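*Asks:* how would this look folded up:
(one chain, ligands or ions: 1)
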Amino acid sequence: MKKNNFWKKKNVLITGISGFVGSNLAKNLSNNGANVVGLTKKKKKKDSLLFLEKIHKKVHVVFGDITNRKLIKKILKKYKIQICFHLAAQVEVGLARREPYGTWDTNVRGTYTLLDALKENRINIKSIIIASSDKAYGEHGLNKMPYKENYQLKPIFPYDTSKACADMIAQSYASKLFRLPIVITRFSNIYGPGQLNFTALIPDLIRSCILNKKFKMRGNGESIRDYIYIDDIVYVYKLLSKKLYLNPKKYSGEVFNAGTNIPHKTKDILKEIFLYRKKNKELKKITKNMKKNKTSGELSIQLMDFKKLKKYFGWRPQYKFEHILPIVYDWYENYFKKKYK
Ligand SMILES: NC(=O)c1ccc[n+]([C@@H]2O[C@H](COP(=O)([O-])OP(=O)(O)OC[C@H]3O[C@@H](n4cnc5c(N)ncnc54)[C@H](O)[C@@H]3O)[C@@H](O)[C@H]2O)c1
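*Replies:* Numbering: from 1, shown residues only. Alright, predicted model coming up:
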């Protein structure tokens, strides 16, 4: 007997569809028969998985800004959107520090513009997922790790505050004031094929190995992060949006963390990748230099408690960094081969 496919013919909006997570989610949902519409600001087509893998041919892509209320209303009406994933954001932490205004505009105004348009066009909408982030928690220190969903949001850095604001605005729209069906996700650092933001550590390290490009560590290598593979994240997004769709009373307003709760020092990720390609000499040089670096504008430690997802749905991450690294590395090798052929 054929398995019942929840996603078949569901009208789905993904904001930020040309981004790393958006492209991977769009690929999965369109393969599962969903009618996917995506909004993106991005015009440069070659640095997005959506266009590289021709996923854009299976979905509708609308180019525009997330703060354009009129455009969003038009999309919601025209495509009769039932499920929405809000991923559009300015995600570069360094850029956010240099130009906070633009980051807050996109990440905060963008979020309430979308949610307000959804509030006014709520006939079809059954499930809204808002991408917050582990960064929204801010600094809680080693003894308080891993972050739990009930921790206070106390960010300071601009990207982190932008995500916390979006998170709280979403909580307001989910409350009995507005009753929109919303689940908020706080995920740790995501990595995997299609991540072409080279300000992120893993893509930057792999690129530097492949292209023999000098690598400069931002801090002293001691900060601790939790890394989760993109396929785990696509799975969680689908799971949460489906559960919310089927039972909005039970799940609306809930917040879910996802990560692995496995600590990786930045210097260990560097070591893992460089030793995988036997770049011992280069590794030694970088390690020696980075000890003098100061780490400012970054949280010291971030780990995710995912017990809530486990308790509710039996979820746990399926992938470990050291096991999946060869697949990720291969993907970037092919990407650069095509780019520079
Ligand atoms: N990648 C991670 O490690 C991670 C971890 C936790 C949470 N998140 C959150 O997940 C979401 C997706 O992250 P990503 O890594 O795919 O980011 P990305 O930078 O790869 O993609 C961002 C997308 O948003 C779009 N966008 C940016 N500004 C826009 C604007 N003003 N109007 C319309 N579209 C705009 C971009 O064009 C792109 O399609 C973000 O909200 C991010 O905060 C990411």
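
*Asks:* list the contacts of the helix or strand of the chain with the lowest mean pLDDT.
*Replies:* Lowest on mean pLDDT, DSSP states H and E among the helices and strands of the chain sits helix 280-290, with a mean of 90. With contact meaning Cβ atoms under 8 Å, 6 or more residues apart in numbering, helix 280-290 is reached by Phe215, Met217, Gly219, Asn220, Gly221, Lys267, Leu270, Lys271, Phe274, Leu275. C-betas here are computed from N, CA, C, even on glycine.

*Asks:* distance from that helix to the middle of the chain?
*Replies:* Mean-position distance between helix 280-290 and its chain equals 30 Å (Cα atoms, centre = their mean, to the nearest Å).

*Asks:* likewise stretch 156-165?
*Replies:* On Cα atoms, centre = their mean, the centre of stretch 156-165 falls 15 Å from the chain's centre.

*Asks:* please point out which parts of that stretch sit buried.
*Replies:* Using 16 or more other Cβ atoms under 10 Å as the test for burial, stretch 156-165 gives Phe157, Pro158, Tyr159, Asp160, Thr161, Ser162, Lys163, Ala164, Cys165.

*Asks:* out of the contacts of helix 280-290, which end up buried?
*Replies:* For the contacts of helix 280-290, buried by 16+ other Cβ under 10 Å: Phe215, Met217, Gly219, Gly221, Lys267, Leu270, Lys271, Phe274.

*Asks:* tell me the contacts of Lys42?
*Replies:* Lys42 neighbours (Cβ under 8 Å, 6+ apart): Ser18, Gly19, Ser48, Phe63.

*Asks:* thinking again about what came up before, from the buried residues of stretch 156-165, which land in strands?
*Replies:* Per DSSP state E, strands hold no members of the buried residues of stretch 156-165.

*Asks:* so which of those residues are also by the ligand?
*Replies:* Contacts with the ligand within these, counted by Cβ under 6 Å from any ligand atom: Lys163.

*Asks:* from the buried residues of stretch 156-165, which land in helices?
*Replies:* Pro158, Tyr159, Asp160, Thr161, Ser162, Lys163, Ala164, Cys165 (DSSP state H).

*Asks:* so the residue in the stretch 151-300 of the chain positioned nearest to the ligand is in which element?
*Replies:* Residue nearest to the ligand within the stretch 151-300 of the chain: Ile190 (3.7 Å; Cβ to the nearest ligand atom). Take DSSP states H and E as the rule and Ile190 turns out to sit in strand 189-191.

*Asks:* partner strands of that strand, with direction?
*Replies:* Partners of strand 189-191 in the sheet, by DSSP bridges, are strand 227-229 (parallel).

*Asks:* name the residues that touch the strand it pairs with?
*Replies:* Applying Cβ under 8 Å, 6+ apart, the contact partners of strand 227-229 are 187-192, 202, 258-260, 262, 264, 269, 304, 317-319, 321, 324.

*Asks:* run through who's touching the following helix or strand past it.
*Replies:* Toward the C-terminus, strand 227-229 is succeeded by helix 230-246 as the next helix or strand (DSSP H and E). By Cβ under 8 Å, 6+ apart, the list of residues contacting helix 230-246 from outside reads 6-7, 20-21, 24-25, 28-29, 82-83, 85, 126-129, 181-183, 185, 187, 190-195, 250-252, 256, 258, 309, 312-313, 315, 317-319.

*Asks:* can you verify Met168 is assigned to a strand?
*Replies:* No: counting by DSSP: H, G, I helix; E, B strand; the rest coil, Met168 is not found in a strand; it is helix.

*Asks:* close enough to count as contact, it and Gln152?
*Replies:* No: using Cβ atoms under 8 Å as the test, Met168 is too far from Gln152 to be in contact (11.3 Å).

*Asks:* between these two, which one's more packed in?
*Replies:* It is Met168, of Met168 and Gln152, that has more neighbours when counted by other Cβ atoms under 10 Å, with 15 against 8.

*Asks:* now that one: how far from Pro155?
*Replies:* 11 Å (Cβ to Cβ, to the nearest Å).

*Asks:* so which of the contacts of strand 227-229 sit within strands?
*Replies:* Filtering these for strands - DSSP E - leaves Phe187, Asn189, Ile190, Tyr191, Ala258, His264.

*Asks:* picking up where we left off before, out of the contacts of Lys42, which touch the ligand?
*Replies:* Restricting the contacts of Lys42 to those touching the ligand (Cβ under 6 Å from any ligand atom) yields Ser18, Gly19.

*Asks:* what residues does the stretch 1-150 of the chain put near the ligand?
*Replies:* 16-22, 39-42, 65-66, 87-91, 106, 110, 131, 133.

*Asks:* reformat the contacts of Lys42 as TSV; add secondary structure, neighbour count and pLDDT.
*Replies:* Shown next, in TSV, are the contacts of Lys42 (DSSP: H, G, I helix; E, B strand; the rest coil; neighbours: other Cβ atoms under 10 Å; pLDDT from 0 to 100):
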residue	secondary structure	neighbour count	pLDDT
Ser18	coil	27	97
Gly19	coil	27	97
Ser48	coil	22	95
Phe63	strand	12	97
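
*Asks:* done for today, thanks.
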